[in-house]
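J.: Curious how this folds, go ahead:
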Amino acid sequence: MDKHITTPINEEVTKNLKSGDYVYINGTIYVARDAAHKRLMEVLDKGEELPFPIKDATIYYMGPSPAREGRPIGSAGPTTASRMDKYAPRLLDLGQKAMIGKGKRTQEVIDAVVRNKAVYFAAVGGAGALLSKCIKKSELVCYEDLGAEAILKLEVEDFPVIVVVDSEGNNLYETSIKEYASL
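T.: Predicted coordinates for the structure are as follows:
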């Protein structure tokens with residue numbers, strides 16, 4: 001089922017998203033990959049405040065390419081989400097509600113998704129040029145020294161994703177395998 005949602009994504013939104021739903025996101029999402037996540041953990045370990053509001057936030061695991069003239073960003077495809085698995089439960093426990101990436105997640109992350117009534121979306125890998133057309137604005141938040149792994153704030157319009165793990169723990173990767181095997 002196609003659904004259109006606007007960030008920030010809260011529990012009211014996540015409870016209505018089901019594994020397998022096609023979703024179009026509008027609003028603000030943040031970009032962070034492994035190096036940025038590591039820094040976020042260091043900030044939290046020091047008892048300091050995160051550089052962006054984590055409550056009801058959506059984090060996109062993506063490393064953009066440089067923007068072409070007249071565009072806010074270059075190719076913007078997802079990166080492998082499992083590289084953030086050691087960091088994700090802590091951020092979910094702090095109020096993050098959505099993650100966008102590609103690939104499977106550990107049981108620990110899935111448990112944190114359920115515990116926090118969050119959601120894990122997949123963006124289509126290999127479609128970075130097309131996904132970039134949904135990004136209307138990009139601005140640096142912090143960690144410029146990380147280059148493509150800096151944290152960015154994006155404004156997106158009809159950004160297409162698929163619900164992989166919903167707030168009840170239903171996992172599209174697992175249910176699809178079972179469905180295919182039964183054919």
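J.: And the strands in this structure, which stretches?
T.: 2-6, 22-31, 58-60, 98-101, 119-122, 135-142, 151-165 (DSSP state E).
J.: need these in JSON lines with mean pLDDT and distance to L92, can you?
T.: For the C-beta atoms, the positions are set from N, CA and C on the backbone; glycine is no exception. Output for these, formatted as JSON lines (pLDDT from 0 to 100; distance: least, Cβ to Cβ, whole Å):
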{"stretch": "strand 2-6", "mean pLDDT": "96", "distance to L92": "18"}
{"stretch": "strand 22-31", "mean pLDDT": "98", "distance to L92": "14"}
{"stretch": "strand 58-60", "mean pLDDT": "98", "distance to L92": "10"}
{"stretch": "strand 98-101", "mean pLDDT": "98", "distance to L92": "8"}
{"stretch": "strand 119-122", "mean pLDDT": "98", "distance to L92": "10"}
{"stretch": "strand 135-142", "mean pLDDT": "95", "distance to L92": "19"}
{"stretch": "strand 151-165", "mean pLDDT": "97", "distance to L92": "11"}
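J.: among the ones you listed, which is nearest E49?
T.: Judged by Cβ to Cβ, the one of those that comes nearest to E49 is strand 135-142, at 11.7 Å.
J.: Now stretch 155-168: buried residues?
T.: Within stretch 155-168, the residues that count as buried by 16 or more other Cβ atoms under 10 Å are E155, V156, F159, P160, V161, I162, V163, V164, V165, D166, S167.
J.: who touches T14 in this structure?
T.: K97, A98, K117, A118, V119, D166, S167 (Cβ atoms under 8 Å, 6 or more residues apart in numbering).
J.: hang on, the earlier thing: please name whichever of the strands of the chain is nearest to N16.
T.: It's strand 2-6; of the strands of the chain, that one is closest to N16 (Cβ to Cβ) at 7.5 Å.
J.: For the closest one, give me every contacting residue.
T.: V13, N16, L17, D21, Y22, V23, Y24, I25, N26, G27, D158.
J.: relative to strand 151-165, how tilted is that strand?
T.: 150 degrees (axes from the mean of the first three to the mean of the last three Cα atoms, to 10 degrees).
J.: For strand 2-6, buried residues please.
T.: Buried positions in strand 2-6, judged by neighbour count with 16+ other Cβ under 10 Å: I5.
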